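A.B. asks: coordinates for the following, if possible.
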Amino acid sequence: MTRRSRGRARDSHGNTVEQHGVYFNVSSTKISSRSNPCPAVSPAAERLRHILGDDDGAPTPTIFTEMDTLQHEGGELEWKESARWVKFEEKVEEGGERWSKPHVSTLTLHSLFELRTCLQTGSILLDLEGYSLPQIVEEIVDRQIADGLIAPDLKEKIIFVLLRKHRHQTKKPIHRSLADIGKSSNASSNPAQSRSMNDISDTPSSDQLKNKFMKKIPRDAEASNVLIGEVDFLDKPFVAFVRLAQATTLGGLTEVPVPTRFLFILLGPHGKTKSYNEIGRAIATLMVDDLFSDVAYKARDREDLIAGVDEFLDEVIVLPPGEWDPKIRIEPPKKVPSSVLNLNELGQMNGSAGGAAGGEDEELPAPHELGEELKFTGRFCGGLWLDIKRKIPWYCSDIYDGFHIQSISAVLFIYLGCITNAITFGGLLGDATDNYQGVMESFLGTALAGTVFCVFGGQPLIILSSTGPILIFEKLLYDFSKSNDVDYMELRLWIGLHSCLQCFLLVVSDASYIIKYMTRFTEEGFSSLISFIFISDAIKKMYYPINRGFKPDFITSFRCECVAPDQGESSRSSVSRRPFNLTDMDWSQLSKKECVKYGGSLVGSSCKYVPDLALMSFILFFGTYSMTVSLKKFKFSRYFPTKLRTLVSDFSIIISILFFCGLDFLLQLDTPKLHVPTQIKPTRPDRGWLVMPFGKNPWWWYLASAVPALLVTILIFMDQQISAVIVNRKENKLKKGCGYHLDLFWVGVLMAACSFMGLPWYVAATVISIAHIDSLKMESESSAPGEQPQFLGVREQRLTGILVFVLTGLSVFLAPVLQFIPMPVLYGVFLYMGVASLSGIQFWERIKLYLMPAKHQPDFSFLRHVPLRRVHLFTLVQIVCLAVLWILKSTFLAIIFPVMILGLMAVRKLLDLMFSQHDLAWLDDILPDKDKKKKEDEKSRKKERKAGEPESDEEVSEAGDPSNGFSSGRISGSFMRPFSGFAMIFVLTQFSSVFRPGSWWVLLVELKPSF
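C.D. replies: Numbers count the residues shown, from 1 in each chain. Sure, this is the predicted structure:
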């Protein structure tokens, strides 16, 4: 059984399953959901609402539950550990040598009703002051006697049984001497000696303190001990539920040294072992349930505990005993929703249709919200000032948070990606600009721009790089300058200065506000295009010639001989420099290099043979990619300890690169290698490191350059801000905030600086930034057995980015080492970056649905709410848009790529005419709306609801009516979910007023007053 939330999911489909008189705990499902369609609040739910409403704000500790059963061995009694729970159940296997795999608890329905009866008839001691187990046991027995539940003469016998030694699974069976056996048998015959024969130590043993299982339990955890046994002196069950006022360590009672807060004791007459065990498993399962554990901590009397059981029973679904094998252990779900109580939801009926169809997915997804960072302030530099205020408190932690072993892997990974990109882009840029900008300028520009941005930028996880549209703009600008006799570097300087000024204007006017209108449709189209470009470029660069002239049938004709040089030529050459006589040499024994060195000639049909490098290059290429993917997944394998698996996964890319570099070195093949400049000097000899702004072009060019600068500004703005939105997604759980305005400010500053130095322009690189995020993801170290490590967020810091770009600048001095890295290996890294950046993109998952039969499709939440044909239609629209963008980027029209991104926004607006807002809420995001239109739509929605009653609970849920569709007292998220659905639907019309027929300039003009 997993931990619940309001609308808790239990298995991979959001359900907890159980059977045979077996129940499944299923989110937001009520036994009476069909029989009671009228809104009502169950007494149990109403009681719990009041209990949990008195919240002191302190979080409920995690409960570790241990169940011990009373064993009779050779006439001696001892308590033996039989099962334990943190989140999932682990049983001691029948052989007794190991724990079972963690699994979801399956309980008989009868055991839950028997547990309820036990709580009604047994003793309940709440907030008992206890300091030792003997004192607590005596208090329990005295209460039973005072309540008339047992006879006073049974007191000593019960205390004797409860204070027997506990043998935990970590200990081997105890071998006693005959004297010990006789001693214990005498003690059992004389229970009056029980106080002096307390077998439980007062302090934890060394085995408890050294137990490695403590690593799986949170630091603030408290224990719940369940004691189940049969004795021959009772004629009816002895039941007690105890909550201590303060958690107390009770010596050897618990397997691990965790303080005990709860005790449940069930002793009964012989003959009902299975029934007692099932009752014990039932209370243990309830104690690790989120809702019941909260009730147990806050209960004021017996009725509160019974209300908690009733609320638990409200979620039970019974399966016919013949349709499922109760011995099957249900695997823990891959993902368990967060268990956060919402008091506004308490006491509300859930209104699901029954079965597993209801649950946490009945609500609409969270509305499209990018946070306060994009809030329009209406003040001069208002957004920039808020970004600075937001980032300053985190600046010190941005440095020391980077001191972690994970950062080493991230630095090396991103560094290799950056230098590969710098070399590739620098080479293309040199060809496009006649070496006015080349590899050297690309290296220095990457180092300068990246370091400054990571030190001062608002989101240091973003990696700056040059992009394809910038390369095309540079080529067109150089061709234009050359054909019009204009100095290219001076014109480029003024374009950079104007673009810098325009970026400043966008910053001071809070223009980044328009990013709020970019929904997932636009983000996924942009990021998918960049990912496919990375994949395509990596594969295209792997074109190497294959030796097609070699014919195995004519192998006898392939030979190569070294022929001595002509004597006449030898005499005319500088023979005096040779220390030996050429005529005495055996030229046929010389190697190829020696023959050429001493002036000989190579003669034969195989002299021009070159080893077939294409196959080896593809082995390096795909080997690096496939090995990286495999090692990344190694963290989830079953081999080796968790720390080692995590370490291998973090350094997967470095391990792959080193392995295939070593393989290439051993084979000594002439594969293409990484070539890095060895001197810091401009690529073109006739230019310096500083570009003068005046003197080479007419003065009017200084003003006219503002026109092409506008196109560059749009390009920079869209590229930078969309990449920033993707990096700052809420899925990444960033906690230190972002700074859209601050980022754009520094990009503008770097535009001017790079223009003065004749370096390339830089903007956020989407794929490398996503790779940077992925390499710094953090997961929980302490997780319950069976629980998947929880994604905690990203290691937000500036150190990795700074080190990456400092190393890039120092690469000139690392050339002797870097020259051993084969280019196919780095292209394999590029391929991995492109493929890895596609993971988590809903668009890519929906594309794969075209190839899957419906019964094999994953259980995506949008498939539960949107018809498959509508999903395919939406995906087809995205594919067409992506194809158009791909065609445009492959031509000279790539320079208008930013405008095409705006075109995606227009297409998204048109989708409002093709799809309902409900479908768009699940497949995309609903566009922002004005408050006025929200209210108008809300009024019309209410009128529609009043016009007719829904016919089923499902319709009620979709309609979002808070007054209908609730069937019982389930504490689910249904009460507030319909209202969140309204908020999603009412956010449509502001964009309608902006997107009027006409050009995209209308959009900019209409938004300008808001700036």
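
A.B. asks: rest of the way, CA atoms for contacts and neighbours
C.D. replies: Noted.

A.B. asks: all strands of the stretch 701-850 of the chain, in order?
C.D. replies: 763-764, 777-779, 791-794 (DSSP state E, counting those that start in this stretch).

A.B. asks: which stretch among the ones you listed comes nearest residue 303?
C.D. replies: strand 791-794 (38.2 Å; CA to CA).

A.B. asks: what about residue 261, which helix or strand?
C.D. replies: Of the helices and strands defined by DSSP states H and E, residue 261 is found in strand 260-268.

A.B. asks: packing partners for that strand?
C.D. replies: The contact analysis (3 or more CA pairs under 8 Å, 6 or more residues apart in numbering; DSSP states H and E) places strand 260-268 against strand 222-230, strand 238-248, helix 273-287.

A.B. asks: what do you get if the cut-off is 6 Å, keeping everything else the same?
C.D. replies: Judged by 3 or more CA pairs under 6 Å, 6 or more residues apart in numbering; DSSP states H and E, the packing partners of strand 260-268 are strand 222-230, strand 238-248.

A.B. asks: return the most buried member of these.
C.D. replies: Among those, the stretch with the highest mean neighbour count (mean count of other CA atoms under 10 Å) is strand 222-230, at a mean of 24.

A.B. asks: got a list of contacts for the strand holding residue 261?
C.D. replies: 222-230, 236-244, 247-249 (CA atoms under 6 Å, 6 or more residues apart in numbering).

A.B. asks: hang on, the earlier thing: of all the strands of the stretch 701-850 of the chain, which one is nearest residue 496?
C.D. replies: Checking those against residue 496 by CA to CA gives strand 763-764 as the closest, at 13.0 Å.

A.B. asks: read off the pLDDT value for residue 269.
C.D. replies: What the model reports for residue 269 is a pLDDT of 91.

A.B. asks: was I right about it contacting residue 230?
C.D. replies: Yes - under the contact definition of CA atoms under 6 Å, residue 269 touches residue 230, with a separation of 5.4 Å.

A.B. asks: neighbours of the closest residue to residue 415 other than its chain neighbours, just the number please.
C.D. replies: Using CA to CA, 6 or more residues apart in numbering and skipping residues adjacent in sequence, the residue nearest residue 415 is residue 804, 5.0 Å away. For residue 804, the count of nearby residues is 27 (other CA atoms under 10 Å).

A.B. asks: before we move on, which element is residue 409 in?
C.D. replies: Assigned by DSSP H and E, residue 409 belongs to helix 405-432.

A.B. asks: quick check, distance from that helix to the centre of its chain.
C.D. replies: Distance of helix 405-432 from the chain centroid (CA atoms, centre = their mean, to the nearest Å) equals 25 Å.

A.B. asks: could you chop this protein up by domain?
C.D. replies: The record assigns the chain these domain ranges, following the TED database: 58-170+209-315, 561-603.

A.B. asks: re earlier: who does the strand holding residue 261 pair up with?
C.D. replies: Strands flanking strand 260-268 in the sheet, each with its direction: strand 222-230 (parallel), strand 238-248 (antiparallel) (DSSP bridges).

A.B. asks: next, the buried residues of stretch 459-471.
C.D. replies: Taking 16 or more other CA atoms under 10 Å as the basis for neighbour counts, the residues of stretch 459-471 that come out buried are 459-471.

A.B. asks: which residues does residue 90 bridge with?
C.D. replies: Beta-bridge pairing of residue 90 under DSSP bridges involves residue 84.

A.B. asks: I'd say it and residue 98 touch.
C.D. replies: No - contact criterion CA under 6 Å: residue 90 and residue 98 do not qualify, at 9.9 Å.

A.B. asks: among the two, which residue is more densely surrounded?
C.D. replies: Neighbour count, other CA under 10 Å: between residue 90 and residue 98, residue 90 has more, with 22 against 13.

A.B. asks: list the contacts for that one?
C.D. replies: 83-84, 100, 102.

A.B. asks: so which of those is surrounded by the most neighbours?
C.D. replies: For those, counting by other CA under 10 Å, the largest number of neighbours falls to residue 84: 25 neighbours.

A.B. asks: pLDDT below threshold where in the stretch 901-1011 of the chain?
C.D. replies: In the predicted model of the stretch 901-1011 of the chain, residues 927-1011 satisfy pLDDT under 70.
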